[in-house]
Structures are given as structure tokens and as C-alpha cells.
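Participant: just the structure for this:
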Amino acid sequence: MKMQRDDMSSDLHAHGSRELVHHDYAADNHVFGDRDLAEAPASDSSEISYLDLKGESTFFSDITANSCAGAKLAFDNELCVDLEVAPQAGANVTKGYKGSLAMGEVTPNTKEYFQSSMCPVNVHWHLGSEHYSVGEFDEGGNGPNGNIGVPEWANRNLAEEDVRDGFRCHHYDANDEKFTTPYEWKHCVGMEVGETYEVHWPHSSVGACGTVNQYQTPFYDGVFCNLPLESFLTLGKQDIASNVGVHGQVFTIVNDESYFYPDMMRGMIKDGEMGQDVTYYTGSTTGQTRDNVMCSQYTPITWQVDRKCHMISASSFDKLCYDMKMQRDDMSSDLHAHGSRELVHHDYAADNHVFGDRDLAEAPASDSSEISYLDLKGESTFFSDITANSCAGAKLAFDNELCVDLEVAPQAGANVTKGYKGSLAMGEVTPNTKEYFQSSMC
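Facilitator: Reported below is the predicted structural model:
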């Protein structure tokens, strides 16, 4: 709570309880659910106290309790030329670019993923950018290990510029200490200050959303957690594109705490310029086992990719790796950068790119404390503008009223014993019995 943008200090203590609601003011529409939820598997601990506590917790002591383990539906890579309408990723996401693969009526999901009952089920990243954005992450970028050459086919005119494959951002400056000062990594593995990394957050509407099994490695277990093969085979291409998606965002790592962001687990960072210039398209899963000869069969899924490259502190990534270690599933194989796929050829890139520009607010502050990540929050520019909290003051104020003066106004907390119903007739008004994320609530 202390790591949020808004000051939640007034919720760091227990609040007083209301007396039990009288039958006359308790709704008569109680619904009694019985959910069979699993218990909890373990992970290793480290010198951080919360990781030590995880090692002792019964939530993590049963390794069979991960209901998503092994849920991946296995589809081998195939020759690209043998696949029909199977758009691939990562593609060129420069504004104005469209691939040559005709998608017909299949379109990317341009809504916020939570509005389609989707939640993040994993986070991982690749060395360099798999996507290409002119002037942001392209052949003109640089890093401590240089850049990567471009294939000849990638030369193509777009808005009077040659669009080429590329893998590094343009921020790196070998004469600036924030790009060259080593960082003492505690949780991430094999990471380097000054390098470019593309972060992916796979999302799914059939993941274990809102449960302790939500985040999974491999990410396929999370994507397919509640989707058996027989159900998957009934889905059309648009069904898949509407219910499975990935956030993609590219960063250059700096050793500078003014770029600290405390919660990279949730998905693309949307603040100020971050997450504003987004390209939406349908593609596939990525990674170095695919190229322009062997293609992924996990397609078509939606991609929402930030066209800008952003600087982020090394400590932000290390905090992310710490959070990954705190999940029920063992995410240790995602604590390092994965290899990148070569830029997708035009022939395998979808022609349905949509280019969004979102006007998002900037970022206010909070106090810090003795915990190191809270100290970093105090230095971060994400929290330095107290006017950037777009929800501040949004509360609609309604004073308490005499219960007898209110008509159909059921109260809480009521008796929730199985079988109980209050006396207040609710007519056709019923509670929402779905998982809240399925109603686009967060």
C-alpha cells in the first residue's frame, strides 16, 4: 500500500466495525457459493525477510496445489510457408506500418485487457527489442554490447523513411554514468545497466485471474489454465485474438533511482508518455526458436506494443524479480532475459495494425520509510507530481441517513451464514456472482 501513487497511510490500520445489520435492513437476495480452491506450493527464500517468510508459509508448502501447472497446450513450430493465416510477432510497430498478411475480418483487441476479462498471467523479457519502431528501437540505437545488423529484406519505404529491423534504443550514452555504473543485482539474473530489454506481459481471459495461481512460468500454463484442448479447438481466430493478448514495452536500464517504478508485475506502465503511443495488431508468441522460416502456431493473439522506448531503473527490474519470486509458481526461469526473435518479415506480419494515442496523466509522490524499495520510491520521478493522481477527489459524497427513511437500501455487513436471508425485499436486484474482473472491475 505504501508503494502506491496515492497516499494510503490512512488505511494502514484497522478500521472500526459496524454492528451486525438488522434483518429488516439486510437483503433477501443472498447467494451461497461453494468454491473448491487449491492450497499452495513452495519456492526458495533469500536474505529478504518476506522471501524467508514465504519459505515457511503453508500457502506454498504443497507443490501440487498449482491448478495451472502443466496446462500448456503444446503446438510445435511449423514452417511459415505451411501455415495459412497465422500472423507472427514481433513485427514492425512504427506508426503507419502494415504487414502484407491479409487478416480479413480478424482484428486486434483494442480495449484495455481487463475490459475483456483478461488478466496478466506472466511477465518476462527479451534481450534487445523484438519489435521495431523507427527512431525509438531500431538499427540506429546502441548499448554496452552494440546493436544488431539488419536483414536486407527489411528495407522498406514508410513515410519517406527506410524501415528496418533493429534491436536497441537510442538512450545509451557511454559518457553518462547512469548508463555505465554497475548495479548490484539481488534478484534478477544476467542483467546489465545500459542494455535494452523488451518486457512482455501475456494476458488471458481463461487464466487463474484473481487467485494465487494467476502468475505462471511457463506463461503458456497461465494462458491456458482454464481452457482444455477440446474447448480450444472450438474457438475461431477472432475468439483467440479477443481473449489472449500481450503487452509489450521496451526499456533501457539505468542506474538512477529517479527512474524507479515499484510495480512492473501488473502490465504495461501507463503514465505520462509511457503506454500512450500504442500499436495494436494480431501476431503470435515470440522467442528465439522462431524466425522467418519456422513460425509459431500460437496465433492470432493480440499485441499492444508501446512504440516509445523508456528509461527505467535497474532497481525497478530487481523489484520485479523479487515480486516474481513471491508468486506461488516457480518463476525462476523468467528471472533473466530471453533471446529475441528476428524481426517478422512483411509476408508474415498482419495487415490489421491499429495505431492508438492515449492521453494519460503523469505521476505523484508519497513518503518513504526504512524499507529500501520505499526509499527508492521517494527518489522516483514517477511519484514527484502530487497533481498527477487522476482519481484524487473523485468520491461522490452521500451523508449517512436514518435507516427508516431509506427505501430499498440494503446494508452490509450482514449475516453471511449459509442459508440466511434478510427481510428486505430486493425484487429483481441481484448481487454480481461473477469474478469481479469478468465484469471489467479491478
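Participant: which parts of this protein are strands?
Facilitator: Assigned by DSSP state E, the chain shows strands spanning 78-79, 119-120, 124-127, 137-138, 157-158, 161-162, 168-169, 196-204, 244-254, 277-283, 294-295, 301-313, 354-357.
Participant: can you list the residues that contact the last one?
Facilitator: In this structure, residues lying in contact with strand 354-357 by Cβ atoms under 8 Å, 6 or more residues apart in numbering are 95-96, 107-108, 110, 276-281. Glycine gets a C-beta too; all of them are placed from N, C-alpha and C.
Participant: hmm, back to that, S384 is nearest to which of the strands of the chain?
Facilitator: Of all those, it is strand 301-313 that lies closest to S384, at 14.0 Å by Cβ to Cβ.
Participant: could you give the number of residues near the nearest residue to F437 once chain neighbours are set aside?
Facilitator: Excluding the flanking residues, the one nearest F437 by Cβ to Cβ, 6 or more residues apart in numbering is C209, at 5.0 Å. C209: 23 surrounding residues under other Cβ atoms under 10 Å.
Participant: my read is that C209 contacts S439, right?
Facilitator: No. Counting by Cβ atoms under 8 Å, C209 sits too far from S439 to count as a contact (11.8 Å).
Participant: so what's E401 up against?
Facilitator: The neighbours of E401, taking Cβ under 8 Å, 6+ apart as the test, come to nothing; the list is empty.
Participant: distance check, it against A409.
Facilitator: In this structure, E401 and A409 are separated by 8 Å, where distance is defined by Cβ to Cβ, to the nearest Å.
Participant: try H345
Facilitator: In this structure, H345 lies at 62 Å from A409, with Cβ to Cβ as the measure.
Participant: of those two, which one has the most company?
Facilitator: Summary of the neighbour comparison: H345 and A409, criterion other Cβ under 10 Å, with H345 having more neighbours (21 against 11).
Participant: tell me the pLDDT of that one.
Facilitator: In this prediction, H345 carries a pLDDT score of 94.
Participant: repeat that for S45.
Facilitator: On pLDDT, S45 comes in at 37.
Participant: give the contact list for the nearest residue to Y420 once chain neighbours are set aside.
Facilitator: If the residues on either side of it in the chain are set aside, Y420 comes closest to H30, at 6.3 Å by Cβ to Cβ, 6+ apart. Contacts of H30 were listed using Cβ under 8 Å, 6+ apart, and they are 414, 416, 420-422, 431.
Participant: save the contacts of strand 354-357 as TSV, and put in pLDDT and distance to I312 too.
Facilitator: Conversion of those to TSV gives the following (pLDDT from 0 to 100; distance: Cβ to Cβ, whole Å):
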residue	pLDDT	distance to I312
K95	94	23
G96	93	27
T107	97	31
P108	98	26
T110	97	25
Q276	95	16
D277	96	17
V278	97	17
T279	97	20
Y280	98	23
Y281	97	24
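Participant: give me the common contacts of C209 and S439.
Facilitator: Common contact partners of C209 and S439 (Cβ under 8 Å, 6+ apart): S117.
Participant: contacts only, for the residue nearest to F437.
Facilitator: By Cβ under 8 Å, 6+ apart, the contact set of C209 is 117-119, 121, 435, 437-438.
Participant: ok, 7 Å please
Facilitator: Applying Cβ atoms under 7 Å, 6 or more residues apart in numbering, we find C209 in contact with 119, 435, 437.
Participant: how about the helices in this structure?
Facilitator: With DSSP state H as the criterion, the chain has helices at 49-56, 177-180, 219-223, 229-232, 237-243, 314-325, 372-379.
Participant: and those, which one averages the lowest pLDDT?
Facilitator: For the helices of the chain, the weakest mean pLDDT is recorded on helix 372-379, namely a mean of 71.
Participant: quick check: pLDDT value at the residue nearest in space to the middle of the chain.
Facilitator: Geometric centre of the chain, nearest residue: G267, 2.2 Å, by Cα atoms, centre = their mean. With respect to pLDDT, G267 has a value of 96.
Participant: which residues touch it?
Facilitator: With contacts taken as Cβ under 7 Å, 6+ apart, G267 has the following neighbours: 120, 201, 247.
Participant: what residues are up against the closest residue to C442 other than its chain neighbours?
Facilitator: Computed as Cβ to Cβ, 6+ apart, the closest residue to C442 that is not its neighbour in sequence is F114, at 5.5 Å. Residues near F114 by Cβ under 7 Å, 6+ apart: 437, 440, 442.
Participant: which among the residues you listed end up buried?
Facilitator: Buried residues within the contacts of F114, counting neighbours by 16 or more other Cβ atoms under 10 Å: F437.
Participant: of the contacts of F114, just say which sits nearest to Y298.
Facilitator: Proximity of the contacts of F114 to Y298, judged by Cβ to Cβ, is greatest for F437, which lies at 22.7 Å.
Participant: that closest one touches G207, doesn't it?
Facilitator: No. At 9.7 Å, F437 and G207 do not qualify as touching, with contact defined as Cβ atoms under 7 Å.
Participant: all set now, cheers.
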